[in-house]
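*Asks:* can't give you the sequence, but here's the structure:
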Ligand SMILES: Cc1cc2nc3c(=O)[nH]c(=O)nc-3n(C[C@H](O)[C@H](O)[C@H](O)COP(=O)(O)O)c2cc1C
């Protein structure tokens, strides 16, 4: 059966052509094709309609989020809904460039939580002897996976989202506003609401760079990144160049120039110290 215009197969192809610059043939009767089309069309949303999200739907999305896999079934992810506008405003005040946080009907913070397992150990009279980087990472990954499940569930329900790691720019404020005890730390915020604009599919590096078979392989990396810079520029050129005073105006300003400029200055260098204060040695 040929693909009908705007069929799921067409939507997958259109999105992935922009995303990766290549063709991804998909059979019209491919199992799960609607869900694949939705995932392929993912986009972060930074403009929201004022419509509230029904509280029952919100709880359902949280339940879907926390249905995500979890390392050793330890269940080390929590979601904090910042419902109090005053509290939210005190956090937002540190992120003036991100107007979408104030506009979003819902603002959530996904946290890693190593506190519960420690408390359970105490109640059960057992020592906690996993004080090392891996147990921090497990909680952080659990929170990230739960956030991704929330994003996927929300998109299936017609909502849009935008993760916000910039909350970690104001880590002390966020931590004290949320009254995070030792063992609990924020991984990222998440804006949630009904999209006011369609947004756009954001191009990614080609699979030649990020998909490997049997062994890690960097063959052609530089050429592939140059080509990606050009493809991305043709689709969505950067509106402005970062850190002009330090780096000047580039004739061609692509993704790799932007990311190199971004990481030429320290970002959240105090986060490790905060995590240690939260009771993680990161050994
Ligand atoms: C962990 C994480 C943190 C992010 N933090 C921010 C943020 O602070 N502000 C923002 O506007 N977008 C943030 N984003 C969204 C990314 O900028 C976005 O995913 C990326 O540009 C690719 O666009 P897409 O999601 O539309 O494909 C974050 C995404 C992730 C996964």
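*Replies:* Okay, I see it. Here the structure is a predicted model, which means the values were calculated and not measured.

*Asks:* tell me where the stretch 51-200 of the chain has strands.
*Replies:* 77-81, 106-113, 160-164, 184-193 (DSSP state E, counting those that start in this stretch).

*Asks:* possible to save those strands as a markdown table with distance to residue 55 and mean pLDDT?
*Replies:* No exception for glycine: its C-beta is placed from N, CA and C like everyone else's. Converted to a markdown table, those look like this (distance: least, C-beta to C-beta, whole Å; pLDDT from 0 to 100):
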| stretch | distance to residue 55 | mean pLDDT |
| --- | --- | --- |
| strand 77-81 | 10 | 98 |
| strand 106-113 | 10 | 98 |
| strand 160-164 | 17 | 98 |
| strand 184-193 | 13 | 98 |
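
*Asks:* of those, which is nearest the ligand?
*Replies:* Among the strands of the stretch 51-200 of the chain, strand 160-164 comes nearest to the ligand, with 3.7 Å by C-beta to the nearest ligand atom.

*Asks:* report the distance from that closest one to the chain centre.
*Replies:* 7 Å (C-alpha atoms, centre = their mean, to the nearest Å).

*Asks:* list the contacts of stretch 28-40.
*Replies:* With contacts defined as C-beta atoms under 8 Å, 6 or more residues apart in numbering, stretch 28-40 is touched by 1-3, 7-9, 11-12, 15-16, 19, 26, 152, 155-156.

*Asks:* list just the nearest of those residues to residue 268.
*Replies:* residue 152 (26.5 Å; C-beta to C-beta).

*Asks:* sorry, back to before: quick check, nearest of the contacts of stretch 28-40 to the ligand?
*Replies:* Nearest to the ligand among the contacts of stretch 28-40, with distances taken as C-beta to the nearest ligand atom, is residue 19, at 8.0 Å.

*Asks:* what count of nearby residues applies to the closest one?
*Replies:* 20 (other C-beta atoms under 10 Å).

*Asks:* pretty sure it contacts residue 201?
*Replies:* Yes - counting by C-beta atoms under 8 Å, residue 19 sits close enough to residue 201 to count as a contact (5.5 Å).

*Asks:* which ones are touching residue 68?
*Replies:* Taking C-beta under 8 Å, 6+ apart as the definition, contacts of residue 68 comprise 77, 142, 145, 146, 148, 149.

*Asks:* pretty sure the second one sits against residue 72.
*Replies:* No - in terms of C-beta under 8 Å, residue 142 does not count as a neighbour of residue 72; the distance is 9.8 Å.
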